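J.: Sequence and predicted structure are below.
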Amino acid sequence: MKCKRIFKDELHVWMRDEELFRRDHMNVGSLLSGDRIYCCDEVIAGMTEGKIVGVATIAPRGEKNYGQPTIVALYVHPDHRRQGYGKTIMKAAVRRCVKRGFKKVRVDVMSGWALRAINSLPENLREVLEVNYQGDFMDCHS
């Protein structure tokens with residue numbers, strides 16, 4: 001899998017994929033629409049065989065468009081979960097934030113899977129993150 005920056009319009013095309021919404025429309029809608037996407041200026045897409053399999057969104061002024069830089073969403077398509085894609089996408093997103101000069105990056109963790117992706121990062125990238133725990137993490141099993 002390779003990661004690359006894409007434009008929001010490319011993300012919207014991917015989100016409109018009929019199969020994706022049929023299978024996981026609630027998660028996609030809550031993570032990648034409305035105010036949660038409006039504040040973002042970059043999307044890091046994980047791609048395999050020319051298809052997007054997951055994304056992370058970056059908001060340089062935070063989720064409410066004021067405040068500190070934030071990785072707003074991390075999403076991996078259900079067919080590609082538990083294969084390391086989330087870890088790879090998160091790593092690319094944090095590296096992009098560092099490259100943009102962000103000293104600290106907020107990330108709200110709402111699942112154990114996201115926490116595992118963060119904990120798998122090299123220490124120099126974890127140090128950049130301000131992690132805010134927001135879930136009960138019941139979806140993460142050893």
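T.: Thanks, I have the structure now.
J.: longest strand of the chain?
T.: Counting residues, the longest strand found in the chain (DSSP state E) is strand 51-59.
J.: So what would you say the end-to-end distance of stretch 119-131 is?
T.: The first and final residues of stretch 119-131 sit 10 Å from each other (CA to CA, to the nearest Å).
J.: Next, the buried residues of that stretch.
T.: Applying a neighbour-count criterion of 16 or more other CB atoms under 10 Å, one finds 121, 125, 128-129 buried in stretch 119-131. Any C-beta I mention is one placed from the backbone N, CA and C, and that applies to glycine too.
J.: Which two of those have the greatest separation?
T.: The most widely separated members of those are Leu121 and Val128, with 9.0 Å between them, by CB to CB.
J.: Spell out which residues are contacts of both of these two.
T.: Taking CB atoms under 8 Å, 6 or more residues apart in numbering as the contact rule, Leu121 and Val128 both touch Val94.
J.: Out of the buried residues of stretch 119-131, which sit inside helices?
T.: With DSSP state H as the criterion, helices contain Leu125 from among these.
J.: follow-up on the earlier one: CA atoms of the longest strand of the chain as PDB?
T.: As requested, C-alpha coordinates have been extracted for strand 51-59 and formatted as PDB (Å, rounded to 0.1, in the frame of the first residue of the first chain):
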ATOM      1  CA  LYS A  51      -8.100   2.200  -5.200                       C
ATOM      2  CA  ILE A  52      -8.500   4.100  -1.900                       C
ATOM      3  CA  VAL A  53      -8.700   1.700   1.000                       C
ATOM      4  CA  GLY A  54      -8.600   4.200   3.800                       C
ATOM      5  CA  VAL A  55      -8.000   7.900   4.700                       C
ATOM      6  CA  ALA A  56      -6.900  10.300   7.400                       C
ATOM      7  CA  THR A  57      -8.000  13.900   7.300                       C
ATOM      8  CA  ILE A  58      -6.000  16.900   8.500                       C
ATOM      9  CA  ALA A  59      -7.400  20.200   9.800                       C
END
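J.: now that strand: mean pLDDT?
T.: Summarised as a single mean, pLDDT over strand 51-59 is 91.
J.: Pull the distance from that strand to the chain's centre.
T.: Taking CA atoms, centre = their mean, to the nearest Å, one finds the center of strand 51-59 at 6 Å from the center of the full chain.
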